[in-house]
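Enquirer: show me the folded form of this:
(2 chains)
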Amino acid sequence: MTLSKGLILIVLLLCCWGGAPVLCCRAAEDSKAVASEYPVKAAYVYNFIKFTEWPASVLDASDGRLIIAVLGNDEQVAALEELNGKTAQGKVIQVKRINSEDHLSTSHVLFVCGDEENRLAKILNQCQHKPILTISSLPGFAEAGGGIGFYIADNKVRFMINPDSTKRAGLTISSRLLSLARIVTSAGP
Amino acid sequence: MRTAWRLSIKTKLMMMFIALAGLTSALSMGFYLRAELKEFGQETREELRLISGITAYHSAAAVAFEDQRTARETLATLSFNSSIEYACLYSKNGAILAEYGLAGDDDIRYRNLLQGRNFSLSGQEWEHLQADDSISLFKSLRIIEPILLDRELVGLLLISANVNQARAALFGAGQHLQHILIGDEQKPPGIDTPGAW
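Expert: Numbers count the residues shown, from 1 in each chain, chains lettered A, B, ... in the order given. Below is the predicted model of the structure:
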């Protein structure tokens, strides 16, 4: 009996010893996969800007800058900050981290990070009828009234667009972009 | 030679006149054919430029987001033009996103030339690529169209069309003319097909 217990213990130890590197590798792969989606999403945000039309008055009053406001704090922020200084729509992109939705007035794009889920309804309410393209990776973002929501399908970054929401904001999304997106409508009350 | 020398002045003049008329006809026919071929080439080029411009515009989003399915769907719309034999969409880093049709030997050469190139090309390199965009009658016509998004190059579109069809249409028109000249009322098949060219 003691012998069999000892054997089981040895087998368990061997399993742990052999399994640990495998588990570590898998964890590393997962974190790599997660890490690699951030620059892709940042590049997508850059492309979204190119396929979106803001009212002329909004861009004219922007002093040559196109501001991406980032609300919250997660790994996506660093990737988005890489867009600083790039040009789109003839304007220089400026990525600005904000802590509160009260500082949205001068922004053209709002990226809502994953840690802002609890405040989402309030944030979207603040953005309503303002010419701001709202983007987030939060699940159900577009259905909740956001503009563009990211999701992962077949290990690829995909996006859904809520055209009603963008229309309400006074933005025009190119049909070429709409043809690539999953179209969603706002969820009912 | 001696027989010709013995001919009357009238006959000699007649023969000279016929020879001159024949030469003039042959020359004018030659010039006409050359002009027609050139016109066909230019029309084909313009038509393809228009088609490639429209296709490049509509594929910009698919290329920018590297969406292969949509890229394939966009290229599939080229099927309405039977002269387009092959088309290929490249992303900015030179990766092939989608292909349409069957690539001939020359198409494969062009496809491989562009594949894997970073399309942040210098002006000189771009001019070189544009210089390759030349019409070769009796062969193929290739168009390399830049795909632009907000004035930034995001990819390339290569379209290859068969110009033999233009030649066939031209020779068909020549046969038609011959039928009219010799009084044959029967039209050769396929000449009046609308949209053939």
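Enquirer: could you pull out the strands for chain B?
Expert: B:84-91, B:96-101, B:140-149, B:152-162 (DSSP state E).
Enquirer: how about TSV for these, with mean pLDDT added?
Expert: Below are the strands of chain B laid out as TSV (pLDDT from 0 to 100):
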stretch	mean pLDDT
strand B:84-91	92
strand B:96-101	93
strand B:140-149	87
strand B:152-162	89
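Enquirer: want to try TSV for those strands, with mean neighbour count and distance to residue A:83 as columns?
Expert: Every residue, glycine included, has its C-beta placed from N, CA and C. Shown next, in TSV, are these (neighbours: other C-beta atoms under 10 Å in any protein chain shown; distance: least, C-beta to C-beta, whole Å):
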stretch	mean neighbour count	distance to residue A:83
strand B:84-91	24	19
strand B:96-101	20	23
strand B:140-149	20	15
strand B:152-162	23	14
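Enquirer: need these in JSON lines with distance to residue A:47, can you?
Expert: Below are these laid out as JSON lines (distance: least, C-beta to C-beta, whole Å):
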{"stretch": "strand B:84-91", "distance to residue A:47": "12"}
{"stretch": "strand B:96-101", "distance to residue A:47": "15"}
{"stretch": "strand B:140-149", "distance to residue A:47": "7"}
{"stretch": "strand B:152-162", "distance to residue A:47": "8"}
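Enquirer: could you tell me the model confidence score at residue 175?
Expert: Since you didn't name a chain, this refers to chain A. On pLDDT, residue A:175 comes in at 94.
Enquirer: switch to chain B, please.
Expert: 62.
Enquirer: now swap in residue A:70 and tell me
Expert: Residue A:70 is given a pLDDT of 94.
Enquirer: A strand includes it, no?
Expert: Yes. With DSSP: H, G, I helix; E, B strand; the rest coil as the criterion, residue A:70 is part of a strand.
Enquirer: coming back round to it: quick one, which of the strands of chain B is nearest to chain A?
Expert: Distance to chain A, taken as C-beta to the nearest C-beta, is lowest for strand B:140-149 among those, at 5.3 Å.
Enquirer: quick one: that closest one to strand B:84-91, angle?
Expert: Per axes from the mean of the first three to the mean of the last three C-alpha atoms, to 10 degrees, the angle that strand B:140-149 makes with strand B:84-91 is 30 degrees.
Enquirer: how about strand B:140-149 and chain A, touching?
Expert: Yes. Applying C-beta under 8 Å from any C-beta of the partner chain, one finds strand B:140-149 in contact with chain A at residue B:149.
Enquirer: which other helices and strands does that strand contact?
Expert: helix B:9-64, helix B:105-114, helix B:123-132, strand B:152-162 (3 or more C-beta pairs under 8 Å, 6 or more residues apart in numbering or on different chains; DSSP states H and E).
Enquirer: what's the most buried one of the ones you listed?
Expert: Burial of those is given as mean neighbour count (mean count of other C-beta atoms under 10 Å in any protein chain shown); strand B:152-162 ranks first at a mean of 23.
Enquirer: okay, now the sheet partners of that one, with direction.
Expert: Sheet partners assigned to strand B:152-162 using DSSP bridges are listed as strand B:84-91 (antiparallel), strand B:140-149 (antiparallel).
Enquirer: wait, which of those strands is closest to residue A:105?
Expert: The minimum distance between residue A:105 and these falls on strand B:140-149, with 28.6 Å, by C-beta to C-beta.
Enquirer: just the angle for that closest one relative to helix B:105-114, thanks.
Expert: Using the same axes, to 10 degrees: strand B:140-149 against helix B:105-114 is 30 degrees.
Enquirer: got the angle for strand B:140-149 vs helix B:9-64?
Expert: Interaxial angle of strand B:140-149 relative to helix B:9-64 (the same axes, to 10 degrees): 30 degrees.
Enquirer: okay, helices next: where are they in chain A?
Expert: A:2-50, A:56-60, A:76-81, A:120-127, A:163-168, A:175-178 (DSSP state H).
Enquirer: relative to residue B:96, how far out is residue A:137?
Expert: Going from residue A:137 to residue B:96 by C-beta to C-beta, to the nearest Å gives 29 Å.
Enquirer: then residue B:68?
Expert: Counting by C-beta to C-beta - residue B:68 and residue B:96 are separated by 9 Å.
Enquirer: likewise for residue B:84?
Expert: 17 Å.
Enquirer: can you list the weak-confidence ranges in the chain?
Expert: You didn't pick a chain, so chain A it is. Scanning chain A for pLDDT under 70 picks out A:1-35, A:188-189.
Enquirer: I was after chain B.
Expert: Ranges of chain B meeting pLDDT under 70: B:1-2, B:118-139, B:165-197.
Enquirer: closest point of it to chain A, which residue?
Expert: residue B:61 (3.9 Å).
Enquirer: and that residue, what does it touch?
Expert: A:47, A:51, A:174, A:176-177, A:179-180, B:67, B:70 (C-beta atoms under 8 Å, 6 or more residues apart in numbering or on different chains).
Enquirer: out of the residues you listed, which are buried?
Expert: A:47, A:51, A:174, A:176-177, A:180, B:67, B:70 (16 or more other C-beta atoms under 10 Å in any protein chain shown).
Enquirer: of these, which is the nearest to residue B:147?
Expert: residue A:176 (11.3 Å).
Enquirer: state the distance from that closest one to residue A:170.
Expert: 20 Å.
Enquirer: and residue A:71, by the same measure?
Expert: 20 Å.
Enquirer: and the two? which has more neighbours close in?
Expert: residue A:71 (24 against 15; other C-beta atoms under 10 Å in any protein chain shown).
Enquirer: residues in chain B within reach of chain A, list them.
Expert: So far as C-beta under 8 Å from any C-beta goes, chain B lies against chain A at B:57-58, B:60-62, B:64-65, B:67, B:70, B:149-150, B:152.
Enquirer: repeat the analysis, applying 6 Å as the threshold.
Expert: When proximity is defined by C-beta under 6 Å from any C-beta of the partner chain, chain B lies next to chain A at B:61, B:64-65, B:67, B:70, B:149-150.
Enquirer: for chain B, what is the nearest residue in chain A?
Expert: residue A:176 (3.9 Å).
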